[in-house]
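Undergrad: have a look at this fold, sequence not included:
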């Protein structure tokens, strides 16, 4: 996030965008992220499964926000980083967002998907075929 702020100072988008639109858009993105995370956590708690990415799930949640995204909490993380990019007012920092998505996908999501496939083979395959990884 510090690198986003630094890039915003070096490569600003322009005063009108940064001074007025950026804060509003940033807050909207953060509000959306908070709502998606809250909905995901409530849904996972409702089915009494873990929200910790390294623990084994006791239930494959496929309803609520999980009906639209297999990874709503990671999606929220990306939205918060995107909000930081917007607040900083720099399009150059979009490379950080792309890199973050790649790290999430390769370091966390693939491992979690393998675990879910092993725990819930038939349910996972049907869910994977119906629901996108991100949105």
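TA: Cool, the structure landed. Note that this is a predicted model, so its numbers are computed, not measured. Numbers count the residues shown, from 1 in each chain.
Undergrad: what's near enough to touch residue 26?
TA: Residue 26 makes contact with 83, 84, 86, 87, according to Cβ atoms under 8 Å, 6 or more residues apart in numbering. Yep, even glycine has a C-beta here, placed from its N, CA and C like the rest.
Undergrad: what's the spacing between the last one and residue 22?
TA: When you say that, I think you mean residue 87. 6 Å (Cβ to Cβ, to the nearest Å).
Undergrad: residue 35 now?
TA: In this view, residue 35 and residue 22 are 20 Å apart by Cβ to Cβ.
Undergrad: settle it for me: which of the two has more neighbours?
TA: More crowded of residue 35 and residue 22, by other Cβ atoms under 10 Å: residue 22, with 22 against 14.
Undergrad: shouldn't the more buried one be in contact with residue 85?
TA: No - in terms of Cβ atoms under 8 Å, residue 22 does not count as a neighbour of residue 85; the distance is 9.2 Å.
Undergrad: ok, then the element right after whichever strand or helix holds residue 36?
TA: For residue 36, the host element (DSSP states H and E) is helix 22-46. Next helix or strand after helix 22-46 toward the C-terminus (DSSP H and E): helix 72-88.
Undergrad: can you state the direction angle for that next one and helix 22-46?
TA: Relative orientation of helix 72-88 versus helix 22-46 (axes from the mean of the first three to the mean of the last three Cα atoms, to 10 degrees): 170 degrees.
Undergrad: which residues sit against helix 72-88?
TA: With contact meaning Cβ under 8 Å, 6+ apart, helix 72-88 is reached by 1, 4-5, 7-9, 22-23, 25-27, 29-30, 32-34, 36-37, 39-41, 51, 65-66, 69, 91, 93-94, 96-97, 100-101, 104, 108-109, 134-135.
Undergrad: swap in 6 Å and give it another go.
TA: Helix 72-88 is contacted by residues 1, 4-5, 8, 22, 25-26, 29-30, 32-33, 36-37, 40, 65, 69, 93, 97, 100, 104, 134 when judged by Cβ atoms under 6 Å, 6 or more residues apart in numbering.
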